[in-house]
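Student: the following block contains a protein sequence and its predicted model.
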Amino acid sequence: MRIRFTKMQGAGNDFVVLDETRGRLGLSTAQYRFLADRHFGVGADQILSVREAPEPGLDFEYVIHNADGGEVEHCGNGARCFVRYVHDKGLSERNPLRVKVKNGVLELKRLPDGRVTVDMGPPVFALPQVPFEAKGLKAEKLGNFERWPLAVPYAGDQYVAVLSMGNPHAVLLVDDVDTAPVAAWGPLIENHERFPRRVNAGFLQVIDTRTVKLRVYERGAGETLACGTGACAAVVAGIRLGWLGSRVDVHTRGGVLTIEWVDTPEHDAPVFMTGPATPVFEGEITVPDELNQP
Ligand SMILES: N[C@H](CCC[C@H](N)C(=O)O)C(=O)O
């Protein structure tokens, strides 16, 4: 199958974007994996599909697949690229856009300077909704949050903050992101048995109450240069743990994301993320039909 795509990146987190507003491509997991492959395909952390809105009052549906081909609930950097793509392709002039994702609706607003602010919705802390299995563990209370001792093979118990931004996150505090064991511990945390649907592992270094550095070993993609939902999860955790203020610049290896969240007694305010969204190139590629097994 011959398909057209647009390559985009948001703070170095890179995407293949597909226009499915005029019909579904019907790609299989193996075909998504092919598109993301950096040697045999286009190469990307995630594949983003732009689809017709499933119901009135919404502008589009936004569907995300990780580089491993699995469909996921959310992608923050991708959401910024989504609105840039829709406007550049003339699919809509509305700003902000309201788009349906797996677990909710996002509002995407392009700013005059070209950056995009996304209303990422509220964080979710209920462990069964992350999901995280805490049975038999004793949490460490800190600020108005808790951290859980995660047994990391060969590294002992590592305390992580656990929450969801629609997708699951485990946030670990480190002294220095540049020397943190991201490559070694990332896959061990991603595939930890206490996360039944795996997890994105964030390595957070606090510089001051308004500034952090972050590396994320992403579920289904490995370490990326930036992770939007990971930045949101890290800042929300840092605020609740008492380390951060309500507006934080997150320095990732691919750029800076600004996250804003006002903690309230119910902890259910929406998280706002602002950052870049950049088209890189247009292309066409033949996706092997023999990969189209269910
Ligand atoms: N790997 C993530 C999806 C992409 C998230 C990330 N690229 C972002 O910008 O939020 C997951 O499996 O939940």
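Tutor: Happy to help now that I have it. Residues are numbered from 1 along each chain as shown.
Student: and after the helix or strand harbouring residue 50, which helix or strand comes next?
Tutor: For residue 50, the element it lies in under DSSP states H and E is strand 46-52. Next in sequence after strand 46-52, counting helices and strands by DSSP H and E, comes strand 60-66.
Student: can you list contacts of that following strand?
Tutor: Outside strand 60-66, the residues that touch it by CB atoms under 8 Å, 6 or more residues apart in numbering are 20-21, 29, 32, 36, 45-54, 71-75, 78-79, 82, 86, 91-92, 97, 99-102, 106, 218-221. (C-beta placed from N, C-alpha, C; glycine too.)
Student: and the strand holding residue 50, which residues are buried?
Tutor: Judged by neighbour count using 16 or more other CB atoms under 10 Å, the buried positions of strand 46-52 are 46, 47, 48, 49, 50, 51.
Student: cool, and stretch 193-210?
Tutor: Across stretch 193-210, burial judged by 16+ other CB under 10 Å covers 194, 195, 198, 199, 200, 201, 202, 203, 204, 205, 206.
Student: dump the residue contacts of the third one.
Tutor: Think residue 198. Residues near residue 198 by CB under 8 Å, 6+ apart: 168, 190, 191, 219, 220.
Student: and what of residue 183?
Tutor: 217, 223 are the contacts of residue 183 under CB under 8 Å, 6+ apart.
Student: hey, where'd the strands end up in the stretch 151-294 of the chain?
Tutor: 156-164, 168-173, 200-208, 211-218, 222-224, 247-252, 255-260, 272-275, 278-286 (DSSP state E, counting those that start in this stretch).
Student: helices or strands next to the second one in the packing?
Tutor: If I follow you right, that is strand 168-173. strand 156-164, helix 182-190, strand 200-208, helix 228-240 (3 or more CB pairs under 8 Å, 6 or more residues apart in numbering; DSSP states H and E).
Student: what's the most buried one of these?
Tutor: Compared across the helices and strands packed on strand 168-173, helix 228-240 shows the largest average neighbour count, a mean of 29 (mean count of other CB atoms under 10 Å).
Student: from the chain's centroid, how far away is that helix?
Tutor: Distance of helix 228-240 from its chain centroid, counting by CA atoms, centre = their mean, to the nearest Å, is 11 Å.
Student: what's the angle between that helix and strand 247-252?
Tutor: 130 degrees (axes from the mean of the first three to the mean of the last three CA atoms, to 10 degrees).
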